[in-house]
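In: need coordinates for the below:
(2 chains, ligands or ions: 3)
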Amino acid sequence: MELPLPELPAFDYLHASSAQHALEQLGGSIARTRVLSGGTDLFVQMRAGSIAPTELIDLKHIPGLATIEFDENSGLTIGAAATMNAVARDPEVQANYPLLVRALETVASYQLRNRATIGGNLCNASPAADSAPSLLVLGSRLTLESVGGQRELALNDFFKGPGETALTPGEILTKISLPLAPTGWKGRYLKLGRNTSGDLAIVGVAVLGFPDPEPTSGFRFRIALASVAPTPIRVADAEELLETTTLSDESIEQAARIAQDLARPISDARASAEYRRAMVFELTAWALKDVRQMLEEEA
Amino acid sequence: MKHHTISFTLNGTHEIRDVRSNLTLLRFLREQLGVMGVKSGCDTGECGACTVLLNGEPVNACLVLAAEIDGGKVITVEGLSMDDQLDPLQQTFIDHNGIQCGFCTPGVLISAKALLTRNPHPDRDEIKDALRGNLCRCTGYVRMIDAVEAAAKEGN
Ligand SMILES: Cc1cc2nc3c(=O)[nH]c(=O)nc-3n(C[C@H](O)[C@H](O)[C@H](O)COP(=O)(O)OP(=O)(O)OC[C@H]3O[C@@H](n4cnc5c(N)ncnc54)[C@H](O)[C@@H]3O)c2cc1C
Ligand code: FES
Ligand code: FES
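Out: Numbering: from 1, shown residues only, chains lettered A, B, ... in the order given. Ligands and ions are numbered 1, 2, ... in the order given. Sure thing, here's the model as predicted:
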């Protein structure tokens, strides 16, 4: 018996045996040819009719593209095709980047995270991408490859708008690199959803703090937001404020106010822009206070 | 459209089939292999009714292509029981009334089975987390969680 729901529109599924092979097949037209990682965004968008590629090139079987490697001197390298579950259960990631593990665990469901990749999460470039705020505050860099060669880019320079990235036609993301996390750092990812079971974020806030004798406050902070602007964003002005003043409830609330003012949310089915802005303030202050407490307990 | 010859095992039986590129694993199982335990609730990864084990890990069959399972192993709810012998989880779901209409049950059992394989002694929060991707309109979840907890105790 046939299912009542419509089928996926027609396309050709192609295997790539190497990144070079994928790039040769990819050519220059992303309207016609797309790369496929977990398909958890791609198939949903194809069903909705928002994209209609005629060829999908599967990156999952390219040797090395799903590896996760930690080096004590240089940090973590995540292959773009590594699934969220593979990253979240990697012992080195758990030991060194628990903030990222926590962020990934907020995504959808366990079974979805068995397919969803970090590369797909970033390249899909949803403002709500849950891996983005943590990867931003952890100072991630990306390796992009095309037939012509490869280039590196800070994640901060990657997002250009909803669904838009610095990827040029014919280019793919191959690696996400995280430097060693700063000594003594503490982090928090707070995700507000309509429920606690894996809905897209209404607001996502990642905060990372670490001791540093140089700034006035004795700490450095990094703050990034999801779902409240056309792209995930860093809040540099708030970070600076927290370094140049003595750390207090007032300075934290002032920083949260800066984050709120920087947010450019939209109203959608999940929440109004006004509610989102209010929640940016609340969650940023909450995450900062949590991180401050953790840092003080350590000191 | 391209076709692919795929070789895989389904509930322990080796199969070789010809599939077209856009055929999802969900449709392949139901429409071509007659595996009706796999349900279609949303076709977009939201409900978990289509959850199957692919190489030992649960996935949403509506978001996997049949062409992608070449060389793999698929287990559906039909593969949990053997020779009329129910899996302990199936028995505890019956004993604890973890089933009402039953639409979500095959997917829930697969998610629970995968949980007990990777973590034989989960606490209630871990059980809830593992079932987060399986929506149930009937049971209110509590009895399902009881059932998984009981199966874990039995399995110790
Ligand atoms: C039910 C459901 C719930 C979800 N919940 C969440 C959530 O809570 N939080 C969240 O952040 N996301 C969520 N998502 C979105 C999605 O699962 C993630 O964005 C996921 O990480 C996408 O990864 P993927 O491997 O499936 O990407 P794919 O669907 O394979 O690809 C996504 C896009 O990126 C491109 N792409 C993929 N890999 C590369 C590469 N290496 N180089 C260049 N381009 C590439 C593809 O061509 C495509 O345009 C949800 C999705 C569903 C269906
Ligand atoms: S049918 Fe696959 S998740 Fe709903
Ligand atoms: S028993 Fe009816 S949906 Fe779960």
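In: remind me which helix or strand residue B:125 belongs to.
Out: Taking DSSP states H and E as the criterion, the element that holds residue B:125 is helix B:124-130.
In: which residues touch that helix?
Out: Contacts to helix B:124-130, defined as CB atoms under 8 Å, 6 or more residues apart in numbering or on different chains, come from residues A:110, B:111, B:112, B:114, B:115, B:119, B:122, B:141, B:145, B:148, B:149. Quick note: C-beta positions are derived from backbone N, CA and C, even for glycine.
In: swap the cut-off to 10 Å and go again
Out: Contacts with helix B:124-130, where a contact means CB atoms under 10 Å, 6 or more residues apart in numbering or on different chains, come from A:105, A:109-111, A:196-198, B:58, B:108, B:111-112, B:114-116, B:118-119, B:122-123, B:141-142, B:144-149, B:152.
In: for it, buried residues please.
Out: By neighbour count on 16 or more other CB atoms under 10 Å in any protein chain shown, the buried set for helix B:124-130 is B:127, B:128, B:129, B:130.
In: touching ligand 1 at all, stretch A:119-126?
Out: Yes. If you take CB under 6 Å from any ligand atom as the test, stretch A:119-126 does meet ligand 1, through A:119, A:120, A:121, A:123, A:124.
In: isn't the third one up against residue A:134?
Out: It stands for residue A:121. No. Contact criterion CB atoms under 10 Å: residue A:121 and residue A:134 do not qualify, at 11.0 Å.
In: now for the two: what residues contact both?
Out: With CB under 10 Å, 6+ apart as the test, residue A:121 and residue A:134 both reach A:103, A:104.
In: hang on, the earlier thing: out of the buried residues of helix B:124-130, which are close to ligand 2?
Out: Within those, nothing lies near ligand 2 by CB under 6 Å from any ligand atom.
In: so can I have TSV of those showing distance to residue B:94 and pLDDT?
Out: Output for the buried residues of helix B:124-130, formatted as TSV (distance: CB to CB, whole Å; pLDDT from 0 to 100):
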residue	distance to residue B:94	pLDDT
B:127	18	98
B:128	21	96
B:129	24	95
B:130	20	97
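In: and which of these is nearest to chain A?
Out: Closest approach to chain A among the buried residues of helix B:124-130 (CB to the nearest CB): residue B:130, at 5.7 Å.
In: name the element the closest residue to the closest one other than its chain neighbours belongs to?
Out: Nearest residue to residue B:130, sequence neighbours excluded (CB to CB, 6 or more residues apart in numbering or on different chains): residue B:115, at 3.9 Å. In this structure, residue B:115 sits in helix B:105-118 according to DSSP H and E.
In: for residue A:214, same thing?
Out: Residue A:214 belongs to no helix or strand, assigned by DSSP H and E.
In: what pLDDT does the model give it?
Out: pLDDT for residue A:214: 95.
In: test my guess that residue A:184 contacts residue A:210.
Out: Yes. Counting by CB under 10 Å, residue A:184 does reach residue A:210; the two are 5.3 Å apart.
In: got the domain ranges for chain B?
Out: B:3-78, B:88-153 (automatic domain parsing).
In: among those domains, which is nearest ligand 1?
Out: domain B:3-78 (3.3 Å; CB to the nearest ligand atom).
In: which of the buried residues of helix B:124-130 lies closest to residue B:52?
Out: Closest approach to residue B:52 among the buried residues of helix B:124-130 (CB to CB): residue B:130, at 15.2 Å.
In: show me the shaky parts of the chain.
Out: Let's take chain A. A:1, A:28-31, A:197 (pLDDT under 70).
In: wait, I meant chain B there
Out: In chain B, residues with pLDDT under 70: B:156.
In: tell me the contacts of the closest residue to residue A:171 other than its chain neighbours?
Out: Once flanking residues are discounted, residue A:171 sits nearest to residue A:146: 4.2 Å by CB to CB, 6+ apart. By CB under 10 Å, 6+ apart, residue A:146 lies in contact with A:19, A:23, A:26, A:28, A:167, A:168, A:169, A:170, A:171, A:172.
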